[in-house]
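K.L.:
quick one, structure for this:
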Amino acid sequence: MLSDYSGEAFGTLSKEELVRRLLAHQRVVERIMQEHTILPVKFGTLLNNSQEVNALLSQGHSEFLDALAAIQDKVEIEVAATWDTSRVLQEISKEEDVVRAREAIIHKGQPTTEGRVQLGQLVKASMDGRRNSYRKRMIDFLKPTAIDTQPNNLVSDEMVMNVAFLVNRARQEEFDEHINQLDDLFQNEITFRVIGPLPPYSFSTVEITPLTPEQVEEAQDILHLRDVISEAEVRKAYRRLAAEEQRNLKTGDKLAKDRFARLKQASELLLRYCRARSEPQRDKRALTSPDDHPFVITIKRLRPDEVEPTRFSGPVRVEGD
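P.N.:
Numbering: from 1, shown residues only. Okay, the predicted model is just below:
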């Protein structure tokens, strides 16, 4: 899905305007999803012109086809579960260990900071234990109807579970039925919020980074390479320099760790560069000039901290009271 865009850079937009555009994008995606499998690209990805688009599609053709095949007829469904923290805290306050700790504080007369901290830690440990137990039961119950799972961050104390499930379209109704059964099992203890179906953002998102001549030259400098390079040359240079930094690390050189990380990053960048330039190009206009530089194409699972909070404004089905 491509479109022309001549507006402001996404990084300069206000949060409200960014959310508005994201939701407009999401509505288009939802419509296309009704008839096609979507390989999601990170929102806000911009290329300069149609020539870059052609070069990208040419370079990533095989990789995109493989990724599409892996998610064919699959959707993401996100399930968030919340509880009433006031009710949970009331229940925890009646637990034997908590009651004893509170009575000990009262018995001492003037409560100390240490006593309050210990009581707070006890309450927190109990709440975390309950949350972990509930979350495990929920995930175990839903897993049989899903292909894969991706836990996301819990953004508040009220949240018990926040997990993305990769589900085959053919089993979506079965997954929904399991949500209803889960709601019955927990009765009024838990409220479930179901978001989807969505493209498999959490499991297979495309990130595209154009490689500039400056980036390639910097990486070459770090690995002490010049002119035309090959994967073999990059690997050989990396092994030699990494071995040196390992020896430096053992001698107590505090900067060796940072230099080692830079070597690894430069090596990975140049390996991607070599592979992109050596791949057969479907579009002969792509990468035909020595000055042309390809893209770093990464198809990856999103980390929990990369999940957009605004995705919770997407299509929602709420189960429970």
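K.L.:
buried set for stretch 67-82?
P.N.:
Buried positions in stretch 67-82, judged by neighbour count with 16 or more other CB atoms under 10 Å: 67, 71, 74-82. Every residue, glycine included, has its C-beta placed from N, CA and C.
K.L.:
quick check, nearest of the residues you listed to residue 57?
P.N.:
Distance from residue 57 was checked for each of these by CB to CB. The minimum falls on residue 67, at 13.1 Å.
K.L.:
return the residues in contact with the closest one.
P.N.:
Taking CB atoms under 8 Å, 6 or more residues apart in numbering, we find residue 67 in contact with 39, 204, 206, 299.
K.L.:
and those residues as a markdown table, adding neighbour count, pLDDT and secondary structure?
P.N.:
Converted to a markdown table, the contacts of residue 67 look like this (neighbours: other CB atoms under 10 Å; pLDDT from 0 to 100; DSSP: H, G, I helix; E, B strand; the rest coil):
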| residue | neighbour count | pLDDT | secondary structure |
| --- | --- | --- | --- |
| 39 | 20 | 87 | coil |
| 204 | 22 | 88 | coil |
| 206 | 18 | 87 | strand |
| 299 | 21 | 82 | strand |
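K.L.:
list just the nearest of those residues to residue 91.
P.N.:
Distance from residue 91 was checked for each of the contacts of residue 67 by CB to CB. The minimum falls on residue 204, at 40.4 Å.
K.L.:
can you report phi and psi for the closest one?
P.N.:
phi -160, psi 70 (degrees, to the nearest 10).
K.L.:
residue 210 now?
P.N.:
Phi and psi for residue 210, reported as degrees, to the nearest 10, are phi -60, psi 140.
K.L.:
so it makes contact with residue 295?
P.N.:
Yes: using CB atoms under 8 Å, residue 210 and residue 295 qualify as a contacting pair, with a distance of 5.4 Å.
K.L.:
closest to residue 158 among the contacts of residue 67?
P.N.:
If you rank the contacts of residue 67 by distance to residue 158 using CB to CB, residue 204 comes first, at 29.8 Å.
K.L.:
ok, the closest one - contacts?
P.N.:
Shown here is residue 204, whose contacts under the criterion CB under 8 Å, 6+ apart are 39-40, 67, 70-71, 299-301.
K.L.:
give me that answer again for 7 Å
P.N.:
For residue 204, the contact set (CB atoms under 7 Å, 6 or more residues apart in numbering) comprises 39, 67, 70-71, 299.
K.L.:
repeat for residue 157
P.N.:
Counting by CB under 7 Å, 6+ apart, residue 157 has contacts residue 85.
K.L.:
would you confirm that it belongs to a helix?
P.N.:
No: checked against DSSP: H, G, I helix; E, B strand; the rest coil, residue 157 lies outside a helix; its state is coil.
K.L.:
what's the separation between it and residue 83?
P.N.:
From residue 157 across to residue 83, the span is 9 Å (CB to CB, to the nearest Å).
K.L.:
again with residue 105
P.N.:
Taking CB to CB as the criterion, residue 105 is separated from residue 83 by 27 Å.
K.L.:
ok, residue 71 next?
P.N.:
Using CB to CB, one obtains 32 Å as the distance from residue 71 to residue 83.
K.L.:
just residue 193 next, same as before
P.N.:
Going from residue 193 to residue 83 by CB to CB gives 12 Å.
K.L.:
just want to know which of the two has more residues nearby.
P.N.:
Neighbours were counted for residue 193 and for residue 83 using other CB atoms under 10 Å; residue 83 has more, 21 against 17.
K.L.:
picking up where we left off before, now distance to residue 257 too, for the contacts of residue 204, in JSON lines please.
P.N.:
Formatted as JSON lines, the contacts of residue 204 follow (distance: CB to CB, whole Å):
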{"residue": "39", "distance to residue 257": "37"}
{"residue": "67", "distance to residue 257": "34"}
{"residue": "70", "distance to residue 257": "36"}
{"residue": "71", "distance to residue 257": "37"}
{"residue": "299", "distance to residue 257": "29"}
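K.L.:
the helix or strand hosting residue 24 - what's its average pLDDT?
P.N.:
When secondary structure is defined by DSSP states H and E, residue 24 falls within helix 15-33. For helix 15-33, the per-residue pLDDT values average out at 83.
K.L.:
pull out the buried residues from that helix.
P.N.:
18, 22, 26, 29-30, 33.
K.L.:
please enumerate residues in contact with stretch 83-97?
P.N.:
98, 122-123, 126-127, 130, 157-158, 160, 189-190.
K.L.:
can you pick out the most distant pair from the residues you listed?
P.N.:
122 and 190 (23.5 Å).
K.L.:
who's more crowded, these two?
P.N.:
Neighbours per residue (other CB under 10 Å) separate residue 122 from residue 190, with residue 190 holding more: 20 against 17.
K.L.:
please consider this matter closed, and thank you.
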